[in-house]
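[1] Prediction below, plus the sequence it came from.
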2 protein chains.
Amino acid sequence: MGLTKTELFTDSQNKMAAMAKALAHPARIAILQYLVRINACICGDLVEELGLAQATISQHLKELKAVGLIQGSIDGTSVCYCIHATTWLQYKILFSSFFTEVDSTKCC
Amino acid sequence: MGLTKTELFTDSQNKMAAMAKALAHPARIAILQYLVRINACICGDLVEELGLAQATISQHLKELKAVGLIQGSIDGTSVCYCIHATTWLQYKILFSSFFTEVDSTKCC
DNA sequence: CACACTCATCGCAATATTGCGATAAATATT
DNA sequence: AATATTTATCGCAATATTGCGATGAGTGTG
(Lines give C-alpha, C1' and ligand atoms only; values in the text may rest on other atoms or scores of the structure.)
Protein backbone atom coordinates (compact mmCIF):
# COMPACT_ATOMS: atom_id res chain seq x y z
CA MET A 1 0.00 0.00 0.00
CA GLY A 2 2.63 2.55 0.89
CA LEU A 3 0.48 5.44 2.02
CA THR A 4 0.93 6.87 5.47
CA LYS A 5 -2.04 6.18 7.73
CA THR A 6 -2.44 9.69 9.03
CA GLU A 7 -5.85 8.90 10.50
CA LEU A 8 -4.19 6.75 13.16
CA PHE A 9 -2.37 9.69 14.65
CA THR A 10 -3.23 12.98 16.29
CA ASP A 11 -3.14 16.28 14.41
CA SER A 12 -0.21 17.27 16.56
CA GLN A 13 1.73 14.17 15.60
CA ASN A 14 0.96 14.57 11.92
CA LYS A 15 2.00 18.21 12.07
CA MET A 16 5.23 17.40 13.84
CA ALA A 17 6.04 14.78 11.21
CA ALA A 18 5.22 17.21 8.41
CA MET A 19 7.50 19.79 9.96
CA ALA A 20 10.32 17.27 10.18
CA LYS A 21 9.71 16.18 6.61
CA ALA A 22 10.21 19.73 5.41
CA LEU A 23 13.70 19.59 6.92
CA ALA A 24 14.41 16.06 5.78
CA HIS A 25 16.56 16.95 2.79
CA PRO A 26 20.06 18.40 2.77
CA ALA A 27 19.19 20.84 0.00
CA ARG A 28 16.42 22.35 2.08
CA ILE A 29 18.69 22.48 5.11
CA ALA A 30 21.30 24.24 2.98
CA ILE A 31 18.75 26.70 1.61
CA LEU A 32 17.53 27.59 5.09
CA GLN A 33 21.05 27.96 6.46
CA TYR A 34 21.98 30.16 3.53
CA LEU A 35 18.94 32.35 4.05
CA VAL A 36 19.69 32.66 7.74
CA ARG A 37 23.31 33.55 7.05
CA ILE A 38 22.73 36.04 4.24
CA ASN A 39 19.82 37.53 6.13
CA ALA A 40 19.01 39.87 3.30
CA CYS A 41 16.94 38.02 0.78
CA ILE A 42 18.05 35.98 -2.18
CA CYS A 43 16.58 34.39 -5.25
CA GLY A 44 18.40 32.49 -7.99
CA ASP A 45 21.71 32.75 -6.19
CA LEU A 46 20.69 29.49 -4.60
CA VAL A 47 21.03 27.73 -7.93
CA GLU A 48 24.70 28.73 -7.99
CA GLU A 49 25.25 28.29 -4.27
CA LEU A 50 24.02 24.71 -4.28
CA GLY A 51 24.90 22.63 -7.32
CA LEU A 52 21.37 21.69 -8.27
CA ALA A 53 19.39 22.54 -11.38
CA GLN A 54 17.07 25.51 -11.37
CA ALA A 55 13.99 23.33 -11.57
CA THR A 56 15.13 21.34 -8.56
CA ILE A 57 15.82 24.42 -6.44
CA SER A 58 12.46 25.85 -7.39
CA GLN A 59 10.83 22.63 -6.25
CA HIS A 60 12.52 22.73 -2.85
CA LEU A 61 11.64 26.40 -2.44
CA LYS A 62 8.04 25.53 -3.16
CA GLU A 63 8.04 22.92 -0.41
CA LEU A 64 9.61 25.28 2.09
CA LYS A 65 7.09 27.93 1.18
CA ALA A 66 4.25 25.41 1.52
CA VAL A 67 5.09 24.78 5.18
CA GLY A 68 5.58 28.49 5.75
CA LEU A 69 9.27 28.39 6.60
CA ILE A 70 10.14 30.89 3.90
CA GLN A 71 8.34 33.60 2.02
CA GLY A 72 9.00 34.98 -1.42
CA SER A 73 8.23 38.39 -2.80
CA ILE A 74 8.41 39.29 -6.45
CA ASP A 75 11.04 41.88 -7.22
CA GLY A 76 10.93 42.73 -10.86
CA THR A 77 11.93 39.71 -12.86
CA SER A 78 13.37 37.83 -9.90
CA VAL A 79 11.90 36.54 -6.65
CA CYS A 80 13.35 37.40 -3.29
CA TYR A 81 13.13 34.73 -0.63
CA CYS A 82 13.68 35.00 3.08
CA ILE A 83 12.98 33.18 6.32
CA HIS A 84 9.46 33.61 7.62
CA ALA A 85 10.35 34.68 11.14
CA THR A 86 7.09 33.74 12.80
CA THR A 87 6.95 30.19 11.51
CA TRP A 88 10.67 29.85 12.09
CA LEU A 89 10.20 30.68 15.77
CA GLN A 90 7.25 28.34 15.99
CA TYR A 91 9.40 25.52 14.64
CA LYS A 92 12.07 26.30 17.19
CA ILE A 93 9.57 26.13 19.99
CA LEU A 94 7.80 23.01 18.83
CA PHE A 95 11.01 21.06 18.25
CA SER A 96 12.37 22.25 21.55
CA SER A 97 9.27 21.14 23.43
CA PHE A 98 9.23 17.84 21.58
CA PHE A 99 12.62 16.97 22.98
CA THR A 100 11.62 17.17 26.61
CA GLU A 101 13.68 15.85 29.44
CA VAL A 102 14.04 12.10 29.66
CA ASP A 103 14.68 10.14 32.81
CA SER A 104 17.44 7.81 31.69
CA THR A 105 17.48 6.00 35.01
CA LYS A 106 14.10 4.44 34.28
CA CYS A 107 15.37 2.87 31.11
CA CYS A 108 15.73 -0.84 30.46
CA MET B 1 16.99 10.32 -11.38
CA GLY B 2 15.60 10.60 -7.90
CA LEU B 3 18.60 9.97 -5.70
CA THR B 4 19.63 12.65 -3.28
CA LYS B 5 22.92 14.27 -4.21
CA THR B 6 24.51 14.08 -0.78
CA GLU B 7 27.94 14.90 -2.18
CA LEU B 8 26.80 18.47 -2.85
CA PHE B 9 26.27 19.17 0.82
CA THR B 10 28.33 19.25 3.98
CA ASP B 11 28.37 16.37 6.45
CA SER B 12 26.61 18.63 8.89
CA GLN B 13 23.82 19.34 6.44
CA ASN B 14 23.42 15.70 5.52
CA LYS B 15 23.33 14.73 9.17
CA MET B 16 20.76 17.37 9.99
CA ALA B 17 18.58 16.14 7.13
CA ALA B 18 18.97 12.53 8.27
CA MET B 19 17.95 13.51 11.77
CA ALA B 20 14.87 15.26 10.46
CA LYS B 21 14.03 12.30 8.26
CA ALA B 22 14.00 10.03 11.30
CA LEU B 23 11.24 12.23 12.71
CA ALA B 24 9.42 12.65 9.43
CA HIS B 25 6.68 10.12 10.08
CA PRO B 26 3.78 10.36 12.53
CA ALA B 27 4.24 6.76 13.65
CA ARG B 28 7.81 7.46 14.71
CA ILE B 29 6.72 10.66 16.43
CA ALA B 30 4.05 8.69 18.26
CA ILE B 31 6.51 5.98 19.26
CA LEU B 32 8.94 8.52 20.67
CA GLN B 33 6.24 10.42 22.52
CA TYR B 34 4.94 7.19 23.98
CA LEU B 35 8.40 6.15 25.12
CA VAL B 36 8.97 9.56 26.69
CA ARG B 37 5.62 9.39 28.48
CA ILE B 38 5.83 5.80 29.71
CA ASN B 39 9.46 6.29 30.63
CA ALA B 40 9.83 2.67 31.60
CA CYS B 41 10.46 0.62 28.51
CA ILE B 42 8.01 -1.01 26.20
CA CYS B 43 8.01 -3.53 23.41
CA GLY B 44 4.98 -4.92 21.57
CA ASP B 45 2.63 -2.62 23.44
CA LEU B 46 3.34 -0.21 20.63
CA VAL B 47 1.56 -2.50 18.21
CA GLU B 48 -1.60 -2.11 20.29
CA GLU B 49 -1.00 1.53 21.13
CA LEU B 50 -0.69 2.56 17.49
CA GLY B 51 -2.93 0.77 15.06
CA LEU B 52 -0.22 -0.53 12.79
CA ALA B 53 0.80 -4.10 12.05
CA GLN B 54 3.64 -5.69 13.98
CA ALA B 55 5.91 -5.76 10.95
CA THR B 56 5.34 -2.07 10.38
CA ILE B 57 6.09 -1.12 13.98
CA SER B 58 9.21 -3.23 13.91
CA GLN B 59 10.34 -1.40 10.80
CA HIS B 60 9.89 2.00 12.41
CA LEU B 61 11.68 0.85 15.56
CA LYS B 62 14.55 -0.30 13.40
CA GLU B 63 14.85 3.14 11.82
CA LEU B 64 14.74 4.89 15.18
CA LYS B 65 17.38 2.52 16.49
CA ALA B 66 19.52 3.11 13.40
CA VAL B 67 19.78 6.83 14.16
CA GLY B 68 20.35 6.10 17.82
CA LEU B 69 17.20 7.73 19.16
CA ILE B 70 16.10 4.57 20.94
CA GLN B 71 17.78 1.48 22.28
CA GLY B 72 16.39 -1.99 22.73
CA SER B 73 17.44 -4.67 25.16
CA ILE B 74 16.30 -8.25 24.99
CA ASP B 75 14.24 -9.31 27.96
CA GLY B 76 13.38 -12.96 27.67
CA THR B 77 11.07 -13.41 24.73
CA SER B 78 10.30 -9.73 24.33
CA VAL B 79 12.38 -6.65 23.58
CA CYS B 80 12.33 -3.60 25.78
CA TYR B 81 12.76 -0.25 24.07
CA CYS B 82 13.50 3.11 25.54
CA ILE B 83 14.79 6.54 24.60
CA HIS B 84 18.54 6.78 24.21
CA ALA B 85 19.08 9.78 26.47
CA THR B 86 22.42 10.88 25.03
CA THR B 87 21.31 10.98 21.42
CA TRP B 88 18.00 12.47 22.47
CA LEU B 89 19.80 15.38 24.12
CA GLN B 90 22.07 15.77 21.12
CA TYR B 91 19.02 16.06 18.89
CA LYS B 92 17.54 18.69 21.16
CA ILE B 93 20.73 20.71 21.01
CA LEU B 94 21.25 20.41 17.28
CA PHE B 95 17.68 21.32 16.39
CA SER B 96 17.76 24.17 18.85
CA SER B 97 20.96 25.56 17.38
CA PHE B 98 19.64 25.09 13.85
CA PHE B 99 16.77 27.46 14.55
CA THR B 100 18.94 30.41 15.43
CA GLU B 101 17.65 33.91 15.72
CA VAL B 102 16.56 35.56 12.50
CA ASP B 103 16.54 39.26 11.84
CA SER B 104 13.12 39.72 10.31
CA THR B 105 13.75 43.40 9.65
CA LYS B 106 16.27 42.56 6.96
CA CYS B 107 13.73 40.54 5.05
CA CYS B 108 12.35 41.36 1.62
C1' DC C 1 10.82 -32.14 22.78
C1' DA C 2 6.49 -29.79 21.24
C1' DC C 3 4.25 -25.62 21.59
C1' DA C 4 3.25 -20.81 22.24
C1' DC C 5 4.92 -16.26 22.17
C1' DT C 6 7.53 -12.14 20.70
C1' DC C 7 10.06 -9.86 17.50
C1' DA C 8 12.99 -9.35 13.09
C1' DT C 9 13.35 -9.93 8.31
C1' DC C 10 11.92 -10.87 3.48
C1' DG C 11 9.37 -9.79 -0.43
C1' DC C 12 5.89 -7.54 -2.58
C1' DA C 13 2.59 -3.68 -4.07
C1' DA C 14 1.35 1.02 -3.65
C1' DT C 15 2.74 5.51 -3.16
C1' DA C 16 6.03 9.42 -2.44
C1' DT C 17 10.25 11.85 -3.32
C1' DT C 18 14.07 13.52 -6.06
C1' DG C 19 16.21 15.52 -10.06
C1' DC C 20 16.04 17.61 -14.31
C1' DG C 21 15.14 18.88 -19.26
C1' DA C 22 11.72 21.29 -21.64
C1' DT C 23 8.59 24.72 -21.65
C1' DA C 24 5.59 28.44 -20.10
C1' DA C 25 4.75 32.89 -17.73
C1' DA C 26 6.16 37.29 -16.32
C1' DT C 27 8.95 41.24 -16.35
C1' DA C 28 13.07 44.19 -18.07
C1' DT C 29 15.85 45.94 -21.58
C1' DT C 30 16.88 47.50 -26.10
C1' DA D 1 7.85 44.81 -30.62
C1' DA D 2 11.76 41.68 -30.13
C1' DT D 3 14.85 39.73 -26.96
C1' DA D 4 16.90 38.39 -22.69
C1' DT D 5 16.37 37.16 -17.88
C1' DT D 6 14.29 34.92 -14.09
C1' DT D 7 11.26 31.76 -12.02
C1' DA D 8 7.38 28.24 -12.01
C1' DT D 9 5.39 24.23 -13.77
C1' DC D 10 4.94 19.85 -16.40
C1' DG D 11 6.24 15.32 -17.36
C1' DC D 12 9.25 11.77 -17.02
C1' DA D 13 12.66 8.28 -15.01
C1' DA D 14 15.01 6.68 -11.04
C1' DT D 15 14.90 5.82 -6.40
C1' DA D 16 12.97 5.78 -1.60
C1' DT D 17 9.36 5.03 1.69
C1' DT D 18 5.36 2.82 3.65
C1' DG D 19 2.56 -1.06 5.03
C1' DC D 20 1.83 -5.71 5.67
C1' DG D 21 1.40 -10.85 5.10
C1' DA D 22 4.36 -14.61 5.47
C1' DT D 23 8.09 -16.63 7.42
C1' DG D 24 12.03 -17.33 10.39
C1' DA D 25 14.83 -16.86 14.72
C1' DG D 26 14.97 -16.90 19.49
C1' DT D 27 13.20 -17.73 24.08
C1' DG D 28 10.10 -19.51 27.58
C1' DT D 29 6.48 -23.07 29.18
C1' DG D 30 4.34 -27.45 29.59
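    Happy to help now that I have it.
[2] Could you list the residues of chain A in contact with DNA strand C?
    A:1-4, A:21, A:24-25, A:27, A:52-56, A:59-60, A:63, A:74, A:76-77 (Cβ under 7 Å from any atom of the strand). Where C-beta positions appear, they are placed from N, C-alpha and C, glycine not excepted.
[3] So which of those residues sit within helices?
    A:Lys21, A:Ala27, A:Gln54, A:Ala55, A:Thr56, A:Gln59, A:His60, A:Glu63 (DSSP state H).
[4] Between those, identify the one with the most neighbours.
    When neighbours are counted by other Cβ atoms under 10 Å in any protein chain shown, A:Ala27 leads these with 25 neighbours.
[5] ok, back up a step: out of the ones in helices among the residues of chain A next to DNA strand C, just show me the ones up against DNA strand D, please.
    Counting by Cβ under 7 Å from any atom of the strand, the members of these near DNA strand D are A:Gln54, A:Ala55, A:Gln59.
[6] of those residues, closest to DNA strand D?
    Of all those, DNA strand D sits closest to A:Ala55, with 3.3 Å by Cβ to the nearest atom of the strand.
[7] what about the strand or helix carrying A:Ser97, average pLDDT?
    Per DSSP states H and E, A:Ser97 falls inside helix A:85-98. Averaged across helix A:85-98, pLDDT comes to 97.
[8] and that helix, is it in reach of chain B?
    Yes: applying Cβ under 8 Å from any Cβ of the partner chain, one finds helix A:85-98 touching chain B at A:Ala85, A:Trp88, A:Leu89, A:Tyr91, A:Lys92, A:Phe95, A:Ser96, A:Phe98.
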